[in-house]
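J.: Just the structure for this:
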Amino acid sequence: MRLGIRTIPWLIAAAALGVPLLAGGLAGWPYVLVWGILLVMLWIVTRDRPASRHERMVLPAFLLPVLFLLGFVGGWYLIPADIAWMVVEFADRRGTDGVPRIAAS
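T.: Okay, here's the model as predicted:
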């Protein structure tokens, strides 16, 4: 498995879930478990999905207000990971058809 720039938001999310878990003295484990399950489901849905740049930006942009609304159950800790995900998708050099521009020319 090759680690690339796309793994940074997932690493930030994993580290962010450790904050309420360790800071609360392991009392926040139910929230961390639920958010972990949701992140695994999100990873499964988005891992091999060739889409246009616009389509890849929709999910993180939609997720940001959801994380703000669910902040009281741990969503605030995942906001940096979501912002990193949007930056990665915005900076991606793939064309609108989901194919890298170098391979298309």
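
J.: And the strands in this protein, which stretches?
T.: Per DSSP state E, the chain carries no strands over any range.

J.: any low-confidence regions in it?
T.: Applying pLDDT under 70 to the chain flags residues 1-2, 49-50, 93-105.

J.: tell me the helices in it, going along the chain?
T.: 8-23, 29-46, 53-69, 79-91, 101-104 (DSSP state H).

J.: okay if I get those as TSV plus mean neighbour count?
T.: Every residue, glycine included, has its C-beta placed from N, CA and C. Shown next, in TSV, are the helices of the chain (neighbours: other CB atoms under 10 Å):
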stretch	mean neighbour count
helix 8-23	16
helix 29-46	13
helix 53-69	14
helix 79-91	17
helix 101-104	9
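
J.: who touches D48 in this structure?
T.: Neighbour list for D48: empty [criterion: CB atoms under 8 Å, 6 or more residues apart in numbering].

J.: can you tell me how far it sits from L21?
T.: 30 Å (CB to CB, to the nearest Å).

J.: swap in A14?
T.: 11 Å.

J.: Same check on G74?
T.: Separation of G74 from L21 (CB to CB) stands at 9 Å.

J.: what do the two both touch?
T.: Residues touching both G74 and L21 (CB under 8 Å, 6+ apart) are 28, 32.

J.: My guess is V66 contacts G75. True?
T.: Yes: the pair V66 and G75 passes the contact test of CB atoms under 8 Å, sitting 7.2 Å apart.
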